[in-house]
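Chemist: Sequence below, structure please.
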Amino acid sequence: QVQLVESGGGLVQPGGSLRLSCAASGSIFSINTMNWYRQVPGKQRELVAQITSGGSTVYLDSVRGRFTISRDNAKNTVYLQMNSLKPEDTAVYYCNVRPVVGPIVGYWGQGTQVTVSS
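Modeler: Take a look at the predicted model:
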């Protein structure tokens, strides 16, 4: 079994910052990509940021330059530093990790709410 525990969400004013963390534990030995998705009610879940095992990153256009994804392989943890937050960043954020060996869709965290509002 694999567990993903997310933390760091909350309420922040526009222009503020938050840092999300997601730690994977259990029977997961080698992770390929680590991802952050977000979803708002009535819309599809979208990929916000991705980091590969080699450190290459991909970002959603609307967050590029404001968000930074990073990972600590020794801790099986992925982070999302979110700066200059906007109301349109409000969503439930989910981490997703895809192991080298295991299900193609990987494993999902429980989600953490991020609300950007004054």
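Chemist: list the contacts for the spatially most central residue of the chain?
Modeler: The centroid of the chain falls nearest to residue 36 when counting by CA atoms, centre = their mean (2.6 Å). The contact partners of residue 36, by CB atoms under 8 Å, 6 or more residues apart in numbering, come to 20, 22, 47-50, 69, 78, 80, 93-96. C-betas here are computed from N, CA, C, even on glycine.
Chemist: Tell me which of these fall in strands.
Modeler: 20, 22, 47-50, 69, 78, 80, 93-96 (DSSP state E).
Chemist: Most neighbours of all the contacts of residue 36, which one?
Modeler: residue 78 (29 neighbours; other CB atoms under 10 Å).
Chemist: Could you give the number of residues near residue 10?
Modeler: With other CB under 10 Å as criterion, residue 10 counts 12.
Chemist: give the contact list for it.
Modeler: With contact set as CB under 8 Å, 6+ apart, residue 10 has these partners: 18, 113-115.
Chemist: among the residues you listed, which are in strands?
Modeler: When the contacts of residue 10 are checked against strands (DSSP E), the matches are 18, 113-115.
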